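Participant: Turn this into a structure:
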Amino acid sequence: MVARKVPATPASENNGCVWAAVIGIIAVVVLAIGQCSSSDQGANSLVTDAMNETDLSMSNAIAAQTPPPPEPLHASNVTRGVTHLRLAVAAEGFPGAMIYSQNCYDALAHQFSWAKLDACGAFDMLAVRSIENADTNALTSEPTYFESEFAARRYLAAATSAGESPSAADARLSRLQSRASQARSVSGPAAQAEETVPDISSAEANSQQLVNDLMAEPLDLEAAE
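Facilitator: Take a look at the predicted model:
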């Protein structure tokens, strides 16, 4: 009995199968990337919404007070904010810096002062410039929190709620940014500061303790470089 020969599959059909498989793999990869991108955008949206709510709450709390009349921007307050950023980042990196900033603006919601506002603003303005050059792979909400737009919005919201006109608040922020830009950017957790930072075993306790210490005993140094 003679065996029948199976006709060979044309090369064009084989190539078609290969290309179909390749296209399928590409489609899966693109879909996975899209899902990751959507997740990142969703997380950023949650952070943004939370910051907007916090800014609104802070603004209302400041407006409900009887803030003092606007005072001139003093270099010593800018220096204080810059120095506190160096201490916070040296101790706990940008997560610690974000905790400090949040507490700084929360303090304004309870008892507003122009000196405190300018210190908070200087802290944030230098943090904005510093985090742009930092390794942010291990960070979560800090890069968004310290985006220039959000940092400026926090400062302007507090200033206008305390009685500054929008144009005057913009001019004040510009002067603050100009002064803060003269300070060296902070490189990261290994950044050095002349002051001794308390050594506490728990990282979370260390961050909060540092915040409490800096808020309770503001520094007034001649230079922050």
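Participant: and the closest residue to Thr160 other than its chain neighbours, what is it in contact with?
Facilitator: Closest residue to Thr160 apart from its sequence neighbours, by Cβ to Cβ, 6 or more residues apart in numbering: Ala169 at 5.1 Å. Placement of C-beta: from N, CA and C, glycine included. Contacts for Ala169 (Cβ atoms under 8 Å, 6 or more residues apart in numbering) come out as Tyr155, Leu156, Ala159, Thr160.
Participant: Neighbour-wise, give me the winner out of the residues you listed.
Facilitator: Highest neighbour count within the contacts of Ala169: Ala159, with 28 neighbours (other Cβ atoms under 10 Å).
Participant: In three-state terms, how would it be classified?
Facilitator: helix (DSSP: H, G, I helix; E, B strand; the rest coil).
Participant: secondary structure class for Asp170?
Facilitator: helix.
Participant: where's it relative to Ala152, distance?
Facilitator: 9 Å (Cβ to Cβ, to the nearest Å).
Participant: Look at the two and report which has more neighbours.
Facilitator: Shown here are Asp170 and Ala152; by other Cβ under 10 Å, Ala152 has more neighbours (20 against 15).
Participant: ok, which stretches of the chain are strands?
Facilitator: Using DSSP state E, the chain contains no strands.
Participant: which residues of it fall in helices?
Facilitator: Remark: helices assigned in the chain by DSSP state H are 11-64, 75-110, 114-131, 142-145, 148-161, 166-180, 203-216.
Participant: which of those has the lowest average pLDDT?
Facilitator: Lowest mean pLDDT within those: helix 203-216, at a mean of 51.
Participant: My understanding was that Leu108 contacts Leu117; is that so?
Facilitator: Yes: between Leu108 and Leu117 a contact is recorded at 6.0 Å, counting by Cβ atoms under 8 Å.
Participant: Return every residue with contacts to both of the two.
Facilitator: Contact criterion Cβ under 8 Å, 6+ apart; residues shared by Leu108 and Leu117: Ala158.
Participant: if you count what's nearby, which of these two comes out ahead?
Facilitator: Taking neighbours as other Cβ under 10 Å, Leu108 and Leu117 compare with Leu117 leading, 29 against 25.
Participant: Quickly note the distance from the nearest residue to the more buried one once chain neighbours are set aside to Trp114.
Facilitator: Computed as Cβ to Cβ, 6+ apart, the closest residue to Leu117 that is not its neighbour in sequence is Ala158, at 5.5 Å. To Trp114, Ala158 is 10 Å away according to Cβ to Cβ.
Participant: When those two are compared, which one has more neighbours?
Facilitator: Higher neighbour count among Ala158 and Trp114: Ala158, with 27 against 23, using other Cβ under 10 Å.
Participant: Let me see the contact set for the more buried one.
Facilitator: Met58, Ser59, Ile62, Tyr105, Leu108, Phe112, Leu117, Cys120.
Participant: can you check His110 too?
Facilitator: Ala61.
Participant: From Ala127, how far off is it?
Facilitator: 22 Å.
Participant: try Glu53
Facilitator: 21 Å.
Participant: These two: who's more crowded?
Facilitator: Ala127 (28 against 10).
Participant: ok, now how distant is the more buried one from Pro67?
Facilitator: Taking Cβ to Cβ, one finds Ala127 at 25 Å from Pro67.
Participant: these two touch, right, Ala127 and Leu85?
Facilitator: Yes: Ala127 lies in contact with Leu85 (Cβ under 8 Å); the separation is 5.7 Å.
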